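Peer 1: Okay, structure incoming, though there's no sequence with it:
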C-alpha cells in the first residue's frame, strides 16, 4: 500500500507541472494597430523632431517595432529619418 501512495504523489506532481500556463498556447491574440498608419497620423519626416524622439530611447537608439507597435513599412521610414536627423545634427 505505501508504494501506491508514492506513485500517486509522483503522478500528481507531473500533472501539475504540465498544467502550467507557460506550456499552454495563448488563446487570445490581440492585433495591435500601427499608430503611424491610422487616419490623421503625423507624417514621418526627418524635420519632425518631436515625433522622432518618441521612437528613440534615452541613449539615442531606435526602439524596436515590437515595443512601439509600428508596422514594418513605417519602421523603415522612421529609422531612415532618424538617421538623417542624426547626420544633420538635428537630434
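Peer 2: Yes, it's here. Note that the coordinates shown come from a computational prediction; the quantities given were computed from them, not determined experimentally. Numbers count the residues shown, from 1 in each chain.

Peer 1: contacts, neighbours, all on C-alpha from now
Peer 2: OK.

Peer 1: Buried residues of stretch 37-53, list them for me.
Peer 2: When burial is assessed from 16 or more other C-alpha atoms under 10 Å, stretch 37-53 yields the following buried residues: 44-46, 51-52.

Peer 1: Stretch 82-91 too?
Peer 2: Counting neighbours by 16+ other C-alpha under 10 Å, one finds that the buried residues in stretch 82-91 are 82, 84-85, 91.

Peer 1: Include distance to residue 78 and pLDDT when you put the buried residues of stretch 37-53 into JSON lines, please.
Peer 2: Shown next, in JSON lines, are the buried residues of stretch 37-53 (distance: C-alpha to C-alpha, whole Å; pLDDT from 0 to 100):
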{"residue": "44", "distance to residue 78": "6", "pLDDT": "95"}
{"residue": "45", "distance to residue 78": "8", "pLDDT": "94"}
{"residue": "46", "distance to residue 78": "8", "pLDDT": "95"}
{"residue": "51", "distance to residue 78": "9", "pLDDT": "95"}
{"residue": "52", "distance to residue 78": "7", "pLDDT": "95"}
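
Peer 1: I'd like those as JSON lines, with distance to residue 74 and secondary structure appended.
Peer 2: Formatted as JSON lines, the buried residues of stretch 37-53 follow (distance: C-alpha to C-alpha, whole Å; DSSP: H, G, I helix; E, B strand; the rest coil):
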{"residue": "44", "distance to residue 74": "8", "secondary structure": "coil"}
{"residue": "45", "distance to residue 74": "11", "secondary structure": "coil"}
{"residue": "46", "distance to residue 74": "13", "secondary structure": "coil"}
{"residue": "51", "distance to residue 74": "12", "secondary structure": "helix"}
{"residue": "52", "distance to residue 74": "12", "secondary structure": "helix"}
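
Peer 1: Perfect, I'm done here.
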